[in-house]
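Asker: Provide a 3D model corresponding to the input given below.
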Amino acid sequence: MRRFTTLVAIALAAVNISCAQTVDVAAEKTALLARDAEWATTAKNVDKYVEFFTPDGTVAVAGMPNVAGAKAIKDMLEPLVNSPGYDMKWKATRVAVASSGEIGYTAGTYAETTQNANGTPVTETGRFVTVWKKVDGVWKVAEDAAGPDAPHGVSSPHVIVPTAAVKWMDAPAYLPKGAKLAVLVGDPSQQAPFTIRLQMPDGYKIAPHTHPTDEHVTVISGLLRAGMGKSWDDKLLVDLPAGSYTNMASQSPHFVVTKGATVVQVHGIGPFVVSYVNPSDDPSKQ
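Answerer: Model (predicted):
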């Protein structure tokens, strides 16, 4: 939240650094609000959404690392936008424009809906501030920041899950077919702690991909072979037998394959999102 309030202060200062009015500020405010409303219509179309950013535009979302540039923003958002039940709505309730007419900001509220592991819709509400600047006469997003109204918990509820009580289901569409997933605690789709298990058959491959947050992996049974890199290379695979642990750091590209039936346990801070380095590797698009 401190990051959010700091950005608001910077935006306020930016629009007030000017001695003389050189444009019709009222008209520019109206135009900027209209531009923001137009942008809101692209919330579920990532390609059009990123067109509103400057080349070095930045997204800063609470609980996730900052990303800059159209490709990085698209890679971060695309798996979420394409997930079942996703919806995003926002409305600017405040606007300011510098007297030069070259920089401004909009601020307001948003509501983001996702599905939890049981398919139940979950809606998060929060606030945002977007810093805009003129590029060749067109308002573009220089920085967009958002944070939830309610703070996310830093702990999980007390649970005891005996082996017989682990409930397996088909893995989400963003993972190759054949795997089973069980949620032990938390909700992987939310910005909160979670623990899941993934049951994979022999020879199961997950192509090079990244996650927006750290992925802590413990091998429960079988053998997981993991490699780091943007493209598959068998020479980079490291054998991780039962009992092994690895942390796949945020935004670090990696790939895995199993040898024999394998079960891993994954924990971290959600949302648990898989962003493939090569979009054509995404099973949900095949």
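Asker: Only C-alpha atoms from now on, for both contacts and neighbour counts.
Answerer: Fine.
Asker: all strands for the stretch 1-150 of the chain, in order.
Answerer: In the stretch 1-150 of the chain, the strands defined using DSSP state E, counting those that start in this stretch lie at 53-61, 67-68, 87-97, 103-115, 121-135, 138-148.
Asker: wait, which of these is closest to residue 277?
Answerer: For residue 277, the closest of the strands of the stretch 1-150 of the chain is strand 67-68, at 15.4 Å, according to CA to CA.
Asker: Give the pairing partners of that closest one; include direction for each.
Answerer: strand 53-61 (antiparallel) (DSSP bridges).
Asker: if we look at the partner strand, which residues are touching it?
Answerer: 66-70, 73, 135, 140-147 (CA atoms under 8 Å, 6 or more residues apart in numbering).
Asker: Pull it out as CSV, backbone CA atoms only.
Answerer: Provided in CSV are the C-alpha atoms of strand 53-61 (Å, rounded to 0.1, in the frame of the first residue of the first chain):
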residue,chain,number,x,y,z
PHE,A,53,1.0,1.8,-22.7
THR,A,54,4.1,3.8,-23.5
PRO,A,55,7.0,1.6,-24.7
ASP,A,56,8.4,1.6,-21.1
GLY,A,57,5.1,1.6,-19.4
THR,A,58,5.0,-0.1,-16.0
VAL,A,59,2.4,-2.2,-14.1
ALA,A,60,2.8,-2.3,-10.3
VAL,A,61,0.2,-4.7,-8.6
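Asker: Would you mark the buried spots in that strand?
Answerer: 53-54, 57-61 (16 or more other CA atoms under 10 Å).
Asker: Make sure residue 110 is actually in contact with residue 123.
Answerer: No - the criterion here is CA atoms under 8 Å, and residue 110 misses it with residue 123 at 10.0 Å.
Asker: between the two, who's got more neighbours?
Answerer: Taking neighbours as other CA atoms under 10 Å, residue 110 and residue 123 compare with residue 110 leading, 19 against 14.
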